[in-house]
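Undergrad: coords please:
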Amino acid sequence: MKPPMNDLTKNILLWLVVAVIVVLAYQSLSPRLAGSEQQMSYSEFVQQVKNDNVSSITISANMPPVITGKLKDGSSLRTVLPAVGDNALLPLLESHRVKTTQQPGDNGFSLMRLFIDWLPFILVFGLLFYIFRQMQSGAGGRGAMRPRKKSPSWSTSCAILPSSPS
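TA: All right, here's what the predicted structure looks like:
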């Protein structure tokens, strides 16, 4: 039979699980760059277009729009369109014969997207609920604490014995 884990081990294990969940949530929700994509500033991108070095681009439907594409040497590029927009960009792209595509926006309701958006909150509240239940149950989560049986005290169990003649 294994000895039960002490409270310190349980707490360390719980915090380790919490740390792993936080790291996994960060990894899954943070944007990733492909290893071959060349991150460049928007002004560098415009200069590459003016130098006829860009062959094709795709503009995302996200806000702010992300521009990904291919340079004529075969390497990939990635930049972000400024929040103020650039009305001269599309005529510039057309004049330099850059193939431009726009990703469609996500206009539909998606149950999977709703689940992914709410999953971190559900996990945090579930963990808090579990912790609070453990704290309320006491005795290391082995059920509710029961009141102790009263031990006999001198006032209730003391009997007066007759003295014997000596």
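Undergrad: drop to CA atoms for contacts and neighbour counts, all remaining ones
TA: Will do.
Undergrad: Enumerate every residue touching Y42.
TA: Under the criterion of C-alpha atoms under 8 Å, 6 or more residues apart in numbering, the contact list for Y42 reads T79, V80, L81, P82.
Undergrad: Would you mind pulling up the elements that the host helix or strand of the first one packs against?
TA: Meaning T79. Under DSSP states H and E, the secondary-structure element containing T79 is strand 76-80. For strand 76-80, the packing partners by 3 or more C-alpha pairs under 8 Å, 6 or more residues apart in numbering; DSSP states H and E come out as strand 37-39, helix 42-50, strand 66-71.
Undergrad: in the protein, which spans are helices?
TA: Along the chain, the stretches classed as helices by DSSP state H are 7-29, 42-50, 89-95, 111-137, 154-157.
Undergrad: quick one, which of those helices is packed in tightest?
TA: When you average the neighbours per residue for each of the helices of the chain (mean count of other C-alpha atoms under 10 Å), helix 42-50 leads with a mean of 15.
Undergrad: That one: how far from the chain's middle?
TA: When C-alpha coordinates are averaged (C-alpha atoms, centre = their mean, to the nearest Å), helix 42-50 and its chain have centres 34 Å apart.
Undergrad: the inter-axis angle of it versus strand 76-80?
TA: Taking axes from the mean of the first three to the mean of the last three C-alpha atoms, to 10 degrees, one finds helix 42-50 and strand 76-80 inclined to each other by 130 degrees.
Undergrad: Spit out the contact partners of G105.
TA: Neighbours of G105 in contact, by C-alpha under 8 Å, 6+ apart: A61, N62.
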